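*Asks:* would you be able to build a 3D model of this:
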Amino acid sequence: MRNVCFGIPRSRAKSDLPRHYTKQTFVVVIPTLNEAATVKDAVASTSESFESSGGDQLEVIVVDGGSSDETVLLAEESGASILRNGRGRAIQMNHGARVAGSKEGTILVFQHADSRLPPKFNRIAAEILAKPGVVAGAFPLKLESSSTGLLFRLGISAVQYFANVRSRFFQLPFGDQSMFLTNESFERVGGFPEVPFMEDFEMSRILRRAGKIVLAPAQYPSRSSARRWETHGILRTTLLNQFIITARMMGVSLDVLGTWYRRLR
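*Replies:* Numbering: from 1, shown residues only. Alright, predicted model coming up:
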C-alpha cells in the first residue's frame, strides 16, 4: 500500500479538508488485456490525481487477463501491484477487488486502462459515498480524441451529453466512467456479474436496486479514449450500443446479445 503525495503545499492542502475528515484506503483496480499503449499512463495519472494530504492511502492494482504484449512489465515499472487471472473484465475486476479490498472501509474504484481519473478523485468519491442512501458513484464521461474533424467533434459531444444524462438521471453509468463503491457494498451485491460483456451495465442495474448511484459534478470527468468511435464510426457505434441496451432491457439474454454484438460490430 502506498501513501501518494499530490504535491500540494501542506498548509493549503489542510485548509481544504473537512474538520472531521476520516482517512480512507482507496484501491484502484485496472483490468487489462494487451494495453501496453495505455497502461503506463493509466497507473501514473492515477497516482498524480490522488489527493493524499488527508492521510488517505492508495493502491493501484492491474489485473491482467493474459496479455501477449508488455502490459504487465510496463504496469509493474509504473508502480502498480500485479495480479494475473482468467480473461474477462468482470472476472478480473472481481479478483482484484477481493484480493485487495478486505480492509473495512476500503473504497474500490474500477478504472479502464484507457481512462483517466480527475484530480482529487478520492476526495470526491469519499464525499459522494458519505451521503445517506448512496451505494455507489461514478464520474461524468469526457471522451478524448486526436481527430480535428468538426462533425466527429460534434458527434462525440453528443455521445458525452447523452451518456451523462443517462448516468445522472437514470443512474446507469458505464465502465469508462470509473465507478466506485465501498468494499462492503461490493460484497453485498456480489461483485460484478461474471458475464461475457455488459458487466458495467448489469452492475449498475444491480446497484441502483440497492441504493442511489450518484454522478460526480461535471467539472470532475473521467477522461476516456474515443478509440471505439474512431475505429467503428460514431453513428454505427452509438446505434449498436443503443440497440443492445434496449434489447437487454426488454429481456434478451446476454448470450444472444453477445452473438448479435459480434456479428454487427
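
*Asks:* what's near enough to touch the residue nearest the centre of the chain?
*Replies:* The centre of the chain sits closest to Ser178, judged by Cα atoms, centre = their mean, with a distance of 1.9 Å. Listed by Cβ atoms under 8 Å, 6 or more residues apart in numbering, the contact set of Ser178 reads 109-112, 115, 117, 121, 138-139, 222. In short, each C-beta sits where N, CA and C put it, glycine included.

*Asks:* what does Leu181 give?
*Replies:* Contact analysis of Leu181 by Cβ under 8 Å, 6+ apart lists 107-108, 129, 135-137, 207.

*Asks:* what's the helix or strand for it?
*Replies:* strand 180-182 (DSSP states H and E).

*Asks:* ditto for Arg166
*Replies:* In this assignment (DSSP H and E), Arg166 forms part of helix 150-170.

*Asks:* same thing with Thr259?
*Replies:* Using DSSP H and E, the element containing Thr259 is helix 254-264.

*Asks:* which parts of this protein are strands?
*Replies:* 25-32, 57-64, 81-84, 107-110, 115-116, 134-138, 141-144, 180-182, 212-215, 222-225 (DSSP state E).

*Asks:* need those strands in TSV with distance to Leu235, can you?
*Replies:* Written out in TSV, the entries for the strands of the chain read as follows (distance: least, Cβ to Cβ, whole Å):
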stretch	distance to Leu235
strand 25-32	28
strand 57-64	33
strand 81-84	38
strand 107-110	29
strand 115-116	23
strand 134-138	25
strand 141-144	15
strand 180-182	31
strand 212-215	26
strand 222-225	19
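
*Asks:* could I get these as TSV with mean pLDDT and distance to Thr231?
*Replies:* Written out in TSV, the entries for these read as follows (pLDDT from 0 to 100; distance: least, Cβ to Cβ, whole Å):
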stretch	mean pLDDT	distance to Thr231
strand 25-32	96	19
strand 57-64	96	23
strand 81-84	95	27
strand 107-110	97	23
strand 115-116	96	17
strand 134-138	98	24
strand 141-144	96	13
strand 180-182	97	28
strand 212-215	98	27
strand 222-225	96	10
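
*Asks:* of all the ones you listed, which one is nearest Ala125?
*Replies:* strand 180-182 (4.6 Å; Cβ to Cβ).

*Asks:* Lys23 - nearest residue in space that isn't next to it in sequence?
*Replies:* For Lys23, ignoring the flanking residues on the chain, the nearest one in space by Cβ to Cβ, 6 or more residues apart in numbering is Gly55 at 4.1 Å.

*Asks:* count of neighbours near that neighbour?
*Replies:* Neighbour count for Gly55, taken as other Cβ atoms under 10 Å: 11.

*Asks:* quick one: the helices in the stretch 1-150 of the chain?
*Replies:* Chain-ordered helices for the stretch 1-150 of the chain, with DSSP state H, counting those that start in this stretch as the definition, fall at 10-15, 39-49, 71-77, 89-100, 121-129, 150-170.
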